[in-house]
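# Sequence first, predicted model second:
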Amino acid sequence: MARSTKAAKAKRTTKKAAKKKRAGTAAAYRASGFKSLAMHVTEQDGRRTFEALRSERPATSTFSLAVNQPENVDPESAAKRILDHALASKAMPSLTAPVVDGTESSFKSLGVETVPLTGTSIVKFRQQVKGIPVYGSLVSVELGDKNEMVSLNSNLAEPDVKSYVAKISPQDALKKIAAEAGYGRELPERTPVLNLYYDQKGKWHLAYVVEDVRSRKKSKTPGRDMPLIYDYVVDALTGALVAELPRTPTETSNGMDELGNDQTFGIVREGSKKVMRDDTLNIETYDFSFGDPERADLPGNLVAHPFSSAAVSAHCNATIVAKFLRDVLKRNNIDNMGGRMISTVNCVVKRFEQPPAGSKIWLNAFWDGTQMVYGQAKFDGKLRSLSAALDVVAHELFHGVTGDTARLVYLGETGALNESYSDIFGIIISNVGEPDMEKWNWLIGDGISSGLEALRDMEDPTRFGQPKLMSNFVVLPLTEQGDSGGVHTNSGIHNFAAFKVMTAKDGDGFLFKPSELAAIFYIALTQQLSRQSTFSDSRRGVVLATRSLFRTLPQDQIDARVAAVEAGFNAAGIR
């Protein structure tokens, strides 16, 4: 994807002469060390720029032959050529391949994904410097009819490291991780991959990144111990641990009472037994018999008839989420490949069980990186599984979707964004049976117990101690004690922005249908965000998703919807 040095120099000169760009094409450096840009064919600047790029094609070697035109090649090849041309063209001075230590960045395709909701294809690219991927970088090229560009979204950086040659081996990196993760002399069965990583302190590292390591260490925070998945980052020059990035959200105290309604759900027969396996949706539900998920292997025993109410709740709510993913978002289960959706009920972390001794209470539910795990709490004096709460189930399962797509790290503002997207879909899915949005319940976790009103309120985050404005962002330590930098606190800011978008109205009522809201936020999360995305990145992604979803409408209707999205984020102070 590299272009000639002469072309690069010419473009950088043009770029300096075009510092002041219109808002639609401006790209300002952020505190995160990345430079962002977003452009769409339905906005004036985007349309003008894309037309200029097309007009240049006859004079370029990339598109000189008819056989090389976008409509004559596959989407990935088309996107590569379009991006290569855009990087070299003076028609798009705000997009350049960053030059680091005299070497121009290259871009590696991450593959093509067809988005049924918009009828477009998106090809993602990762920035590389000297062949090393830049962690958190992303270029998304969206293609429409005849593989022509619909949008371009980029997040690029100019890493600054002392050396691009590792001084420690991958084996040494695994030894460091084994010590940090509580493995002793045993090494995790994972492969370290060199990346250029920008840490929370604003420093670049040549580092090994090792993903999805199941931690065996013990928590320092009572009540927070559970199987946890982390990504580890180890400096490849010094061997020091740079970051321990949680992949398993640690949401606590979720749940509502089991409603006692009769349900119909899929099962299979194993011999003479009826068991909780839905082969159509690939959903399975297990029972852990109040065992400790830290001390024994999940998932437990496949639930057999007679079915407990806890298992019925878990199974049926997982079914609702799976059908929503398939029917509304056109996603085939969590992994989009029809993979198993596993739930385990009746779990207790026994080292921190509440008195009296032997209590079965464990007020928790979480996605452990591979499946759902449910505890239970007292409601009106009776033990109830947290699997009864559809908003809790949807929230936690969507952490799985996030982990399989954007992989938003679970720290600081990015972690808060991770939490917020799960809240957004928890609210949408739990209200899916209420067509009148005026009657929607915006509380999250209400009904957990008789003594707790709710955990969060998207309409008014301050009601439960969350900020709703960026000016009130709370800076907390990136530790368990600091809630990984306030991921459950600052999520209120993005939640409030989402609430304002979701409740936007025109003269005829709500501007967006529930299915449209789901599509907008889903496309933004899965196609426009990456590992270290911020609230501002989400704003950019949601705007692009809105433009793509409604791009066939008249321009004034597109503009109205985009204005509503921007007003929602403005209300929360997210720019």
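Yes, it's here.

# In contact with Val348, which residues?
With contact set as CB atoms under 8 Å, 6 or more residues apart in numbering, Val348 has these partners: 290-292, 359-362, 375. Backbone N, C-alpha and C define where each C-beta goes, glycine included.

# Flag every buried residue along stretch 292-306.
Neighbour-count burial for stretch 292-306 flags 292-294, 298-300, 302-303 (criterion: 16 or more other CB atoms under 10 Å).

# so which one among those has the lowest pLDDT?
For the buried residues of stretch 292-306, the minimum pLDDT belongs to Glu294; the value there is 77.

# Helices along the chain, start to end?
Taking DSSP state H as the test, the helices found in the chain are 5-17, 44-56, 75-88, 170-180, 309-327, 390-404, 412-430, 483-486, 491-502, 514-523, 535-549, 555-571.

# Tell me which of the ones you listed sits nearest to Met337.
Of all the helices of the chain, helix 390-404 sits nearest to Met337, with 9.4 Å by CB to CB.

# got TSV for the buried residues of stretch 292-306, with distance to Leu329 too?
Converted to TSV, these look like this (distance: CB to CB, whole Å):
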residue	distance to Leu329
Asp292	35
Pro293	29
Glu294	33
Leu298	27
Pro299	25
Gly300	29
Leu302	28
Val303	27
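
# which of those residues lies closest to Leu549?
Pro299 (36.8 Å).

# The nearest residue to Tyr198 once chain neighbours are set aside: neighbour count?
Of all residues not flanking Tyr198 in the chain, Gly33 sits nearest, at 4.5 Å (CB to CB, 6 or more residues apart in numbering). Neighbour count of Gly33, defined by other CB atoms under 10 Å: 18.

# got a list of what Gly33 touches?
Applying CB under 8 Å, 6+ apart, the residues near Gly33 are 157, 198, 202, 204.

# And Asp391, by the same measure?
Contacts of Asp391 (CB under 8 Å, 6+ apart): 256, 426-427, 429-430, 444-445.

# Return the per-residue confidence for it.
93.

# mind giving me the domain ranges of the protein?
The chain breaks down into these domains under automatic domain parsing: 5-157, 170-246, 247-399, 405-575.

# returning to that earlier point: lowest-confidence member of the contacts of Val348, which is it?
Among those, Ser359 has the lowest pLDDT, at 77.

# Report the separation between that one and Asp483.
25 Å (CB to CB, to the nearest Å).

# Likewise for Asp457?
Counting by CB to CB, the gap from Asp457 to Asp483 is 18 Å.

# got it, and Tyr410?
10 Å.

# More neighbours: which of those two?
Neighbour comparison, Tyr410 and Asp483: the larger count goes to Tyr410, with 26 against 21 (by other CB under 10 Å).

# Below-threshold pLDDT in the stretch 301-450 of the chain: ranges please.
Scanning the stretch 301-450 of the chain with the threshold set as pLDDT under 70 gives 351-358, 447-450.

# make it 50
355 (pLDDT under 50).

# now do the chain
1-10, 12-31, 222-225, 250-257, 259, 355.

# I'd assumed Arg216 was in contact with Gly182.
Yes - using CB atoms under 8 Å, Gly182 is in contact with Arg216, at 3.6 Å.

# higher neighbour count, these two?
Ranked by neighbour count (other CB under 10 Å), Gly182 and Arg216 place Arg216 first, with 15 against 12.

# do you know how far that one is from Ile229?
12 Å.

# Repeat that for Ala524.
24 Å.

# now swap in Ala243 and tell me
The spacing between Ala243 and Ile229, counted by CB to CB, is 14 Å.

# Same check on Glu180?
14 Å.

# So for these two, which residue has more residues nearby?
Ile229 (19 against 16).

# right, and that one touches Arg247 too?
Yes - the criterion here is CB under 8 Å, and Ile229 meets it with Arg247 at 4.0 Å.

# burial count for the nearest residue to Asn195 once chain neighbours are set aside?
In space, and not counting its chain neighbours, Asn195 is closest to Tyr135: 4.2 Å by CB to CB, 6+ apart. Look at Tyr135: counted by other CB under 10 Å, it has 27 neighbours.

# re the thing from before, any residues in contact with both of Ile229 and Arg247?
Common neighbours of Ile229 and Arg247 (CB under 8 Å, 6+ apart) are 212, 369.

# Tell me who's in contact with Val475.
485-486.

# Would you mind measuring from it to Gly486?
Relative to Gly486, and taking CB to CB, Val475 is found at 7 Å.

# Same question for Ala181.
Distance from Ala181 to Gly486, by CB to CB: 24 Å.

# So Val474 sits against Gly486, correct?
Yes - using CB under 8 Å, Val474 makes contact with Gly486 at a distance of 5.0 Å.

# In terms of neighbours, single out the busier of these two.
The neighbour comparison of Val474 against Gly486 (other CB under 10 Å) goes to Gly486, with 24 against 16.

# Verify the contact between that one and Thr479 for me.
No - applying CB under 8 Å as the test, Gly486 and Thr479 come out as separate, 10.8 Å apart.

# Closest one of the buried residues of stretch 292-306 to Gln263?
Val303 (13.6 Å).

# thinking again about what came up before, distance check, the residue nearest to Tyr198 against Ser137.
With CB to CB as the criterion, Gly33 and Ser137 are 10 Å apart.

# which residues are in contact with both of the two?
Joint contacts of Gly33 and Ser137 (CB under 8 Å, 6+ apart) are Ala157.

# Run through the residues that contact Leu549.
117-118, 516, 519-520, 523.

# so which of the residues you listed is the most crowded?
Ile520 (29 neighbours).

# wait, what's in contact with that one?
Counting by CB under 8 Å, 6+ apart, the residues that Ile520 touches are 501, 512, 542, 545-546, 549, 565.

# now swap in Met437 and tell me
Per CB under 8 Å, 6+ apart, neighbours of Met437: 431, 502-503, 510, 514.

# And stretch 432-447, what's buried?
Quick answer for stretch 432-447 (16+ other CB under 10 Å): 432, 437, 440-447.

# burial measure for His399, as a count.
26.

# re earlier: go through the buried residues of stretch 292-306 and say which is closest to Gln466.
Pro293 (28.7 Å).

# The closest one reaches Cys347, doesn't it?
Yes - counting by CB under 8 Å, Pro293 touches Cys347, with 5.1 Å between them.
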